[in-house]
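Novice: With the input below, show me the fold.
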Amino acid sequence: MNGPGHYAEAERCMKLASMAGDRPADAHAYRTDAMVHATLANAAATAMTGFYPDTVGDARAWDRVAGVPMPGGDDD
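Specialist: All right, here's what the predicted structure looks like:
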């Protein structure tokens, strides 16, 4: 799983935690999973602080997961 994948998974886990209702153990497990994925997403984003031509695809993946519109609708 790459950084954007971890980011998306963290968001999914937080959504599941909020829907756990009267199952606090499940909510706690989902929040814990979300924290792990958010930490890994943060590490991946931090590793990209130096922008190099071979990271363009990674940068676009981050834009997609964050909902940033691509110029000209480019979704590559």
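Novice: make it CA atoms for all contacts and neighbour counts henceforth
Specialist: Fine.
Novice: what's the average pLDDT for the helix or strand hosting His37?
Specialist: Following DSSP states H and E, one finds His37 within helix 24-47. Helix 24-47 shows a mean pLDDT of 93.
Novice: hmm, who's touching it?
Specialist: By CA atoms under 8 Å, 6 or more residues apart in numbering, the residues outside helix 24-47 that reach it are 2-7, 9-14, 16-21.
Novice: Could you tell me which of these count as buried?
Specialist: The neighbour count (16 or more other CA atoms under 10 Å) marks Gly3, Pro4, Gly5, His6, Tyr7, Glu9, Ala10, Glu11, Cys13, Met14, Leu16, Ala17 as buried among those.
Novice: if I look at the first one, how far off is Glu11?
Specialist: By that I understand Gly3. Note on Gly3: its distance to Glu11, by CA to CA, to the nearest Å, is 13 Å.
Novice: got the contact list for Ala10?
Specialist: Asp33, Ala34, Met35, Val36, His37, Ala38.
Novice: give me the number of residues near Trp62?
Specialist: Around Trp62 sit 20 other residues, with neighbours defined as other CA atoms under 10 Å.
Novice: my read: it touches Pro4, true?
Specialist: Yes - Trp62 is within contact range of Pro4, at 5.3 Å (criterion: CA atoms under 8 Å).
Novice: Tabulate the CA atom coordinates of the helix holding His37 in PDB.
Specialist: Taking Å, rounded to 0.1, in the frame of the first residue of the first chain, the C-alpha atoms of helix 24-47 are listed here in PDB:
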ATOM      1  CA  PRO A  24     -17.100   0.900  21.700                       C
ATOM      2  CA  ALA A  25     -14.600  -1.900  21.300                       C
ATOM      3  CA  ASP A  26     -15.100  -1.800  17.500                       C
ATOM      4  CA  ALA A  27     -14.900   2.000  17.400                       C
ATOM      5  CA  HIS A  28     -11.700   1.800  19.400                       C
ATOM      6  CA  ALA A  29     -10.200  -0.800  17.000                       C
ATOM      7  CA  TYR A  30     -11.200   1.300  14.000                       C
ATOM      8  CA  ARG A  31      -9.600   4.400  15.500                       C
ATOM      9  CA  THR A  32      -6.500   2.500  16.300                       C
ATOM     10  CA  ASP A  33      -6.300   1.200  12.700                       C
ATOM     11  CA  ALA A  34      -6.900   4.800  11.500                       C
ATOM     12  CA  MET A  35      -4.000   6.100  13.500                       C
ATOM     13  CA  VAL A  36      -1.600   3.500  12.100                       C
ATOM     14  CA  HIS A  37      -2.600   4.200   8.500                       C
ATOM     15  CA  ALA A  38      -2.500   8.000   9.100                       C
ATOM     16  CA  THR A  39       1.100   7.600  10.600                       C
ATOM     17  CA  LEU A  40       2.200   5.600   7.600                       C
ATOM     18  CA  ALA A  41       0.600   8.200   5.200                       C
ATOM     19  CA  ASN A  42       2.400  10.900   7.000                       C
ATOM     20  CA  ALA A  43       5.700   9.100   6.700                       C
ATOM     21  CA  ALA A  44       5.200   8.600   3.000                       C
ATOM     22  CA  ALA A  45       4.300  12.300   2.500                       C
ATOM     23  CA  THR A  46       7.300  13.400   4.500                       C
ATOM     24  CA  ALA A  47       9.600  11.200   2.300                       C
END
